[in-house]
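Chemist: coordinates only, sequence not included:
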């Protein structure tokens, strides 16, 4: 199939979503997903928050924030984040440095208690992020460097414990949370907790903004995921593990739409979607569908809705077109495009 045909298929599927038509379902779904791309400012944490809400309406969820900016945690917890005693950082240090074990009961935060919209759904627990994760890469890689000098079996076993640190945190927390779905919001940088998130996740959701920097970040992300000479596989080899998450979704964010043709991307958006498809074709063996185009999703430009959702901690599904909310000393109005955005998000969530 040519790139043009693939993009046509993506557009047709998007049009079906927006017009409430029949949309083919995915052939595979997974338990744990990490949202990841090596670029900030693309709406990753807002997407994580909204997908978590949508998924929590149907499944028990465990939500992890492994980004030092901890925007995801603040969306889920609000001011409660300042009262937490234990974070993902404490658990990772315990796993790697062998400090006192963190009790999952102390680590988990009930999202229903912290974010009112989640009360309508299934049980949802969060493991909050920490600004101290900025320092974590130094501890992680210095520890792995030390273990590389040990005798083969000892070094491999110790390295595996480090590489699987987030996987272990999830396993321990799952005894309490009993999740059916797990969503991990990661940093826009690979080093540190993002590395360990990939080692824990079954599949990746990669948000890609429709601009050239994000397209380049997509290529870099997929290279890190597949190149045996780069850090992810290099340290996997040291740890004696071959785990690699698959790519489940490429989510094109901030898409623009043709004013003359309903539900049709504008020429700029289509240009960047074509570039993203061409890159995906180079790495087709790690995608969860035979045709990489089946893994693509188009999301509207946030306009004001994304900012309102993040600042007010209201899922986009709960926003009403035309209503105004205070954000950064302004009153922002929910754009009518929010109704399209709701359908796009709900369609993506049903494919997880």
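Modeler: In hand now; what should we look at? Since we're looking at a predicted model, the values are computed, not measured. Numbering: from 1, shown residues only.
Chemist: ok, which stretches of the stretch 251-352 of the chain are strands?
Modeler: Using DSSP state E, counting those that start in this stretch, the strands of the stretch 251-352 of the chain run over 296-300, 324-327, 330-333.
Chemist: same deal with the chain?
Modeler: Using DSSP state E, the strands of the chain run over 32-35, 61-65, 109-110, 124-127, 181-185, 203-209, 246-255, 296-300, 324-327, 330-333.
Chemist: Packing partners of the first one?
Modeler: Right, strand 32-35. Secondary-structure packing of strand 32-35 (3 or more CB pairs under 8 Å, 6 or more residues apart in numbering; DSSP states H and E): helix 44-56, strand 181-185, helix 193-200, strand 203-209. C-beta: built from backbone N, CA, C; applies to glycine.
Chemist: Looking at the ones you listed, which is nearest to residue 94?
Modeler: For the helices and strands packed on strand 32-35, proximity to residue 94 was assessed by CB to CB; helix 193-200 is nearest, at 13.3 Å.
Chemist: Name all residues that make contact with residue 127.
Modeler: Residues in contact with residue 127, defined by CB atoms under 8 Å, 6 or more residues apart in numbering, are 62-65, 87-88, 91, 107-109, 169, 173.
Chemist: and the helices and strands packed on strand 32-35 as TSV, adding mean neighbour count?
Modeler: As requested, these are arranged in TSV below (neighbours: other CB atoms under 10 Å):
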stretch	mean neighbour count
helix 44-56	26
strand 181-185	27
helix 193-200	26
strand 203-209	25
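Chemist: how much space between the residue sitting furthest away from the middle of the chain and residue 237?
Modeler: Distance from the C-alpha centroid of the chain peaks at residue 151, with 36.5 Å (CA atoms, centre = their mean). Plainly put, residue 151 is 16 Å away from residue 237 if you go by CB to CB, to the nearest Å.
Chemist: and what of residue 74?
Modeler: With distances taken as CB to CB, residue 74 is found 37 Å from residue 237.
Chemist: Pick out whichever of the two has more residues nearby.
Modeler: More crowded of residue 74 and residue 237, by other CB atoms under 10 Å: residue 74, with 21 against 13.
Chemist: How about that one: what's its closest non-neighbour residue?
Modeler: Excluding the flanking residues, the one nearest residue 74 by CB to CB, 6 or more residues apart in numbering is residue 81, at 5.6 Å.
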